[in-house]
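In: task: produce atomic coordinates for the following.
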Amino acid sequence: MSRRLLVTAALPYANGPIHIGHLVEHIQTDIWVRFQRLRGHRCIFICADDTHGTATMIRARQEGRSEEAVITDMNEQHRQDFAGFDISFDQYGTTHCPENEALCHVIWARLREADLVVEREVTQLYDPVVGTFLADRFVRGTCPKCGATDEYGDSCSVCGSTYAPTDLKDPRSTLSGATPEVRSSPHQFVRIEPLRPFLVDWTQGGGHLGTETANYLKGHFLGEELRDWDVS
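Out: Numbering: from 1, shown residues only. Sure thing, here's the model as predicted:
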């Protein structure tokens, strides 16, 4: 019986060129898609550049360009690189496109209608020179766990610990070199715990996931209280 399949691969970040890791995964995915089509299945292969994140912002600042300019140039390079290896997408775009923005608005509206959005004050590091709150990649300092120096504000490359930017010792802004201030700002959170019945049903039944993945989620993610998701 013919199947309808929607396929994607990991989205490359828009802060740099395609590397061998991208190519290995996308070539494997392309082979699988072609095989499914040979079997008579309807198979749609889509992907895009992941354009939202501090890595893209950092590259844009380093080059003295806008984020949009970096995104546009990288997307063209990525398309050419994938085409050079005969990887064929039905659609390849970016997360910074009108279609994705419209879809995000729809999802956000439905989350609000379901009373799944709450607002809370969150403490963050603030650069008083540049006048902006600092994402984890815009802060460096000493790891609060092992004492390694010059580590990012979210994780330590030496001991592997993860932490909040406000936990970092001797923090400094990578934008100005200034010592950040601790300030609070309102953040939007999505409540995940009310969705537990749906998540348990979807991940543990219906054959949506492989056994190994389903068991991992049951023993870890679903085995404890589901924390609200900060989406600001």
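In: per-domain residue ranges of this structure.
Out: Domain ranges of the chain: 4-105, 117-189, 192-226, per automatic domain parsing.
In: end-to-end on the shortest one?
Out: From the first residue to the last, domain 192-226 extends over 6 Å; the measure is CA to CA, to the nearest Å.
In: and that domain, what's buried?
Out: Of the residues in domain 192-226, 203, 214, 217 count as buried by neighbour count, 16 or more other CB atoms under 10 Å. (C-beta placed from N, C-alpha, C; glycine too.)
In: and of these, the nearest to D154?
Out: L217 (23.1 Å; CB to CB).
In: do a quick rundown of the helices in this protein.
Out: 20-38, 54-63, 67-84, 98-113, 196-204, 211-219 (DSSP state H).
In: just put those in TSV and tack on distance to R4 and mean pLDDT.
Out: Formatted as TSV, the helices of the chain follow (distance: least, CB to CB, whole Å; pLDDT from 0 to 100):
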stretch	distance to R4	mean pLDDT
helix 20-38	10	97
helix 54-63	33	87
helix 67-84	24	97
helix 98-113	20	96
helix 196-204	19	95
helix 211-219	22	91
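In: give me every residue that touches the closest residue to L11 other than its chain neighbours.
Out: Counting by CB to CB, 6 or more residues apart in numbering, L11 lies nearest to D50, which is 4.0 Å off, once chain neighbours are set aside. D50 makes contact with 11-14, 95 under the criterion CB atoms under 8 Å, 6 or more residues apart in numbering.
In: can you do 10 Å?
Out: 10-15, 56, 94-96 (CB atoms under 10 Å, 6 or more residues apart in numbering).
In: returning to that earlier point: figure out which of the helices of the chain is closest to R227.
Out: Nearest to R227, of the helices of the chain and by CB to CB, is helix 196-204 at 11.9 Å.
In: which helices and strands does the closest one pack with?
Out: Here helix 196-204 touches helix 211-219, going by 3 or more CB pairs under 10 Å, 6 or more residues apart in numbering; DSSP states H and E.
In: how far away from the center of its chain is the helix it packs on?
Out: Offset of helix 211-219 from its chain centre (CA atoms, centre = their mean, to the nearest Å): 22 Å.
In: by contact count, what packs against that helix?
Out: helix 196-204.
In: extract the C-alpha set from the helix it packs on and format it as PDB.
Out: Taking Å, rounded to 0.1, in the frame of the first residue of the first chain, the C-alpha atoms of helix 196-204 are listed here in PDB:
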ATOM      1  CA  ARG A 196       1.600  15.000  29.800                       C
ATOM      2  CA  PRO A 197      -1.400  12.800  28.800                       C
ATOM      3  CA  PHE A 198      -0.900  13.700  25.200                       C
ATOM      4  CA  LEU A 199       2.800  13.200  25.300                       C
ATOM      5  CA  VAL A 200       2.600   9.900  27.100                       C
ATOM      6  CA  ASP A 201       0.000   8.600  24.600                       C
ATOM      7  CA  TRP A 202       1.900   9.800  21.500                       C
ATOM      8  CA  THR A 203       5.400   8.700  22.600                       C
ATOM      9  CA  GLN A 204       4.400   5.400  24.100                       C
END
